[in-house]
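Participant: everything below, folded, please.
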Amino acid sequence: MPRVLGVDDFALRRRHRYATVLIDAESHERIDVLADRKAETLEAWLHDHPGVEIVCRDGSASYAGAIRQGAPLARLVRDFAQLMGERRGDDLDSWIADVRAAQLSEPAPFLTGLDQDREAVLAGLTLPYSNGPTEGVNTETKLLARQMYGRAGFPLLRHRILLG
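Facilitator: Residues are numbered from 1 along each chain as shown. Just a heads-up that it's a prediction; the model follows:
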């Protein structure tokens, strides 16, 4: 089992049906493809596969809840570099204080999100992992899904994804 797991969803049929791809975020090896993007499915997978220490994910709130329940010791990682540039995790509190001191209403929802997912924000700023490799697998997955559209079901698509 991977120590660092990448998690992302992709559309099987846009706006109707989604699946979830799991990769080893260190080796970029494909680990599994889940048949949906439900929090309960990811939570069950994490329960069945102990040993995951860090989970790289996008901003999905349902994944955050599933990770907290299914892998309570896992540290959440978000790819936060695009928002914070070169800032380090040690600078986060002072940056938040500066934004609040400016008394601007526009960043308030963003700051609320930072407060709600603080552990993931700090991990994203301090750990060397990101959700980038998982997003890359997803890009390839979307191409496969388009090539196979109408020709095969989820089991064959899953097999092709895992073959890489």
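
Participant: now stretch 49-69: buried residues?
Facilitator: Applying a neighbour-count criterion of 16 or more other CB atoms under 10 Å, one finds 49, 52, 54-58, 60, 63-64, 66-68 buried in stretch 49-69. From N, CA and C alone the C-beta is placed, and that goes for glycine too.

Participant: now for these, which pair is the farthest apart?
Facilitator: Using CB to CB, the buried residues of stretch 49-69 reach their maximum pairwise distance at 49 and 58, which is 20.2 Å.

Participant: hang on, the earlier thing: for residue 155, state which of the buried residues of stretch 49-69 is nearest.
Facilitator: The closest of these, once distances to residue 155 are taken by CB to CB, is residue 49, at 20.1 Å.

Participant: can you pull the contacts of that closest one?
Facilitator: residue 1 (CB atoms under 8 Å, 6 or more residues apart in numbering).

Participant: any idea how far it is from residue 136?
Facilitator: In this view, residue 49 and residue 136 are 22 Å apart by CB to CB, to the nearest Å.

Participant: helices or strands next to the one helix or strand residue 64 maps to in the packing?
Facilitator: In this structure, residue 64 sits in helix 61-70 according to DSSP states H and E. Applying 3 or more CB pairs under 8 Å, 6 or more residues apart in numbering; DSSP states H and E, we find helix 61-70 packed against helix 39-48, strand 54-57.
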